[in-house]
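Trainee: Whatever this is, show me its structure:
(one chain, ligands or ions: 1)
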Amino acid sequence: MRIDVVSIFPDYLAPLELSLIGKACQDGLLDLRVHDLRDFTTDRHRTVDDTPYGGGAGMVMKSEPWAQALASVAAGNTEAATKPVLIVPSPAGERFTQAAAHELAAEEQLVFACGRYEGIDERVMEWAAEYFTVRPMSLGDYVLNGGEVAVLAMVEAIGRLLPGVVGNPESLVEESHSDGLLEYPVYTKPSSWRDREVPAVLLSGNHGKIAQWRRHEQYRRTAERRPDLLAEFDAAKLPRADRTAF
Ligand SMILES: COc1cccc(Cn2ccc3ccc(-c4cc(N)[nH]n4)cc32)c1
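Mentor: Purely as a prediction, here's the structure:
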């Protein structure tokens, strides 16, 4: 997979050079390229923003630098058989979920447009629809100052799903949200810590009971912390052996 990120703060994306995503790039599993939007301006001040039509506070990102930058990254990938996906972080976007991460991990090329100020001139998304599948995406119902933090989260969530990135693919199967429930609590040595004991079932060696306890804990936690997820959860979709906890 190739991922391009366009931002006026390219150094904000430096953490992607670390840890699993950085190693995936070194191993050739991921081709990550970060571009400075100001490199696509033509004036001596490298201007990327201007005042909003209709008035109001703040500034809006100009369309031409974005069109030049997006055209450059789209053209840069002639091997792609399908239109690249242009992901535009925005408080007004569709919710980014684990399901979306899996969907996007199957794409050949993702392009992330990191807005700043009050956002990007809307005509850029209209123009881009000819060359990209355009997807405005929100991390959650709170307002950030720009798209970079959202891109760090999305690239990590997507990148870790790519084959070979996570050492043990098994660990991707049972994690939160992979089956519609939150994950169960985890413990490690010592078994007794500050007068707090590890649940006895986990020390029993009875794998059937352990699986049942973990399923029940997933359900209890989800009901307690995210009852909204339970509305969509259907135990009937679970493998028969997993249903004993409900
Ligand atoms: C566009 O509407 C806005 C209204 C007020 C402020 C801002 C600031 N801002 C600029 C670019 C940008 C990109 C993403 C986000 C964002 C995403 C999520 N989930 N929260 N915040 C916020 C952004 C934008």
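Trainee: which stretches of the protein form strands?
Mentor: Remark: strands assigned in the chain by DSSP state E are 2-7, 31-36, 49-50, 60-61, 85-95, 109-113, 133-138, 192-193, 196-197.
Trainee: Any buried residues in the longest helix along the chain, and which?
Mentor: For the chain, the longest helix by residue count, based on DSSP state H, is helix 207-225. The neighbour-count check on helix 207-225 (16 or more other CB atoms under 10 Å) flags 210, 211, 212, 213, 214, 215, 217, 218, 219, 221, 222 as buried. Any C-beta I mention is one placed from the backbone N, CA and C, and that applies to glycine too.
Trainee: Stretch 150-169 now?
Mentor: 150-152, 154-162, 165-166.
Trainee: quick one: which of those residues is nearest the ligand?
Mentor: residue 150 (5.0 Å; CB to the nearest ligand atom).
Trainee: who touches the closest one in this structure?
Mentor: By CB atoms under 8 Å, 6 or more residues apart in numbering, residue 150 lies in contact with 89, 96, 137, 138, 139, 144.
Trainee: Residue 73 - nearest residue in space that isn't next to it in sequence?
Mentor: Spatial nearest neighbour of residue 73, excluding adjacent residues (CB to CB, 6 or more residues apart in numbering): residue 4 at 4.1 Å.
Trainee: any idea how far the ligand is from the one you found?
Mentor: As judged by CB to the nearest ligand atom, to the nearest Å, residue 4 and the ligand stand 17 Å apart.
Trainee: What residues are bridge-paired with that residue?
Mentor: residue 33, residue 111 (DSSP bridges).
Trainee: For the nearest residue to residue 217 once chain neighbours are set aside, grab phi and psi.
Mentor: Excluding its sequence neighbours, the residue lying closest to residue 217 (CB to CB, 6+ apart) is residue 184, at 4.1 Å. Residue 184 adopts backbone torsions of phi -80, psi 160, taken as degrees, to the nearest 10.
Trainee: Can you get me a residue count around residue 184?
Mentor: Residue 184 has 19 neighbours, counted by other CB atoms under 10 Å.
Trainee: wait, it sits on residue 214?
Mentor: Yes - the pair residue 184 / residue 214 is scored as a contact, 4.1 Å apart, by CB atoms under 8 Å.
Trainee: Pull up the overlap in contacts between the two.
Mentor: Between them, residue 184 and residue 214 share no contacting residue under CB under 8 Å, 6+ apart.
Trainee: For the chain, which residues are neighbours of the ligand?
Mentor: 89-92, 115-116, 118-119, 138-140, 142-147, 150 (CB under 6 Å from any ligand atom).
Trainee: Show the buried residues in the residues you listed.
Mentor: 89, 90, 115, 116, 119, 138, 139, 144, 146, 147, 150.
Trainee: Next one: the last one from residue 81, what distance?
Mentor: This means residue 150. To residue 81, residue 150 is 28 Å away according to CB to CB, to the nearest Å.
Trainee: cool, the first one as well?
Mentor: Using CB to CB, we find residue 89 at a distance of 26 Å from residue 81.
Trainee: now do the fifth one
Mentor: In this structure, residue 119 lies at 31 Å from residue 81, with CB to CB as the measure.
Trainee: now do the second one
Mentor: Taking CB to CB as the measure, residue 90 falls 28 Å from residue 81.
Trainee: so who does residue 65 touch?
Mentor: By CB under 8 Å, 6+ apart, the neighbours of residue 65 are 37, 38, 40, 41, 48.
Trainee: State the pLDDT value of residue 69.
Mentor: With respect to pLDDT, residue 69 has a value of 98.
Trainee: Now it: closest residue in space, sequence neighbours ignored.
Mentor: Spatial nearest neighbour of residue 69, excluding adjacent residues (CB to CB, 6+ apart): residue 40 at 4.2 Å.
Trainee: circling back: just send the contacts of residue 150 back as TSV, with pLDDT too.
Mentor: Shown next, in TSV, are these (pLDDT from 0 to 100):
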residue	pLDDT
89	98
96	98
137	98
138	98
139	98
144	98
